[in-house]
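Q: Sequence and predicted structure below; questions after.
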Amino acid sequence: MTNQAIKLSVAERREFERRVRSRKGRADDARISLVLLLLADGATYREVQTQVGCTAPFISKWKKRFVAEGLAGLYNRHAGRPVSVLTPKVEARILNCTRKKPTDGTTHWSTRRLGKKLGVHHMMVARVWKKYGLQPHRMERYMASNDPDFEEKAADVIGLYLKPPQHAAVFCVDEKTAIQALDRKDPILPLSPGRAERHGFEYVRHGTLSLYAALDTQTGQVLGKTVSRHTSREFVAFLSDLVAKQPESREIHIICDNLSAHKTSQVADFLEAHPNVEIHFTPTYSSWLNQVELWFAKIERDLIHRGVFTSVNQLARRIMTYIRHYNTDTKPVKWTYHDPSRRIRTTKQSFVTGN
């Protein structure tokens, strides 16, 4: 196909050359300018197609527009997506709808589903959610205590943390039950650059054990004991070991939960035989008040979750080894409570915090 040459003024040629050289302008502007420059220099359609990588209709389209309208005609006439503006009214609609349940059977909104329902772009929904800290995809659980004496018991426990009696020892005691000795059927593939450690899906269960632990709130030291069952007898035996490791007649305060094994006649007999020991029970459904739970979470992360154990005895040895190494460099939990008067009303019955 031959070319009917177009004529360019000095200013037009200079503008086309600028667009071709530009590294900040639109790529299609540079492409159209190159096509018109080649046509002005007498190139044929075939030569332009080969050099620019375009079609004959593309060349014809932009040549006709330039001949008819000049530089003013060289723009894309596609209307594009209508511009969306985030007005306070639209923002309020997004916030209002986000707090309502979807009607399509799902449990929560996604940005795309909500954007489709309201007729706005999903990124506009995302910006509003980010601005107001909304995260519909997340869910947190809570447990409310039904203990009628919650405030009195909580004040007693918190008082032991913040201001323990002089020359007394305060221990947080609990048991971690049903720890499984899991072995893997397939070999473990170690971590490597760009790849995490991998465990086989199938496992062999060799049995379970329970771990009694007592956390010294003043030093962070942990006394541990593994047992096959967590009974009241084992609990009393563990308390006996704990008391035996303290100076004689030292005042000892033990914080534990409301497990039935902690309130049997055997425990009562132990307390009667050791008048220097007092047990403080946390409110029901309030295990978060027991600091030893923090340590249980740590040993779960460090050892139990990814551990491979060929027997219950090996699991017990590994746990005790972990405790020995942990006790070489311990720190107490920094328990803080801002303005207890807003949450906990202390009473005269509170052991430490009472007036």
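A: Right, received. Where do you want to start?
Q: Can you tell me the element residue 29 falls in?
A: If you go by DSSP states H and E, residue 29 is part of helix 27-40.
Q: isn't residue 63 right up against residue 8?
A: No. Here residue 63 lies out of contact with residue 8, judged by Cβ atoms under 8 Å, at a distance of 11.9 Å. (Each C-beta comes from the backbone N, C-alpha and C, glycine too.)
Q: so what's in contact with those two at the same time?
A: Common neighbours of residue 63 and residue 8 are listed as residue 36 (criterion: Cβ atoms under 8 Å, 6 or more residues apart in numbering).
Q: quick one: residue 226 from residue 245, how far?
A: Taking Cβ to Cβ, to the nearest Å as the measure, residue 226 falls 17 Å from residue 245.
Q: More neighbours: which of those two?
A: Relative neighbour count places residue 226 above the other of residue 226 and residue 245, with 19 against 10, counting by other Cβ atoms under 10 Å.
Q: tell me which element that one falls in.
A: Element membership for residue 226, per DSSP H and E: strand 222-227.
Q: Quick check: residue 326 vs residue 221, distance?
A: Between residue 326 and residue 221 the computed distance is 9 Å (Cβ to Cβ).
Q: cool, and residue 19?
A: Noted for residue 19: a distance of 75 Å to residue 221, by Cβ to Cβ.
Q: ok, the two, which is more surrounded?
A: Using other Cβ under 10 Å as the criterion, residue 19 and residue 221 rank with residue 19 on top: 19 against 16.
Q: pretty sure that one is in contact with residue 31, am I right?
A: No. The criterion here is Cβ under 8 Å, and residue 19 misses it with residue 31 at 9.3 Å.
Q: Please report phi then psi for residue 216.
A: Dihedral angles of residue 216 (phi, psi; degrees, to the nearest 10) stand at phi -80, psi 110.
Q: Give me the nearest residue to it, chain neighbours excluded.
A: Once flanking residues are discounted, residue 216 sits nearest to residue 171: 5.9 Å by Cβ to Cβ, 6 or more residues apart in numbering.
Q: quick one: that neighbour and residue 213 touch, right?
A: No. Assessed by Cβ under 8 Å, residue 171 is found out of contact with residue 213, at 9.5 Å.
Q: Neighbour count: those two, which is higher?
A: The neighbour count for residue 171 versus residue 213, taken as other Cβ under 10 Å, is higher for residue 171 (26 against 23).
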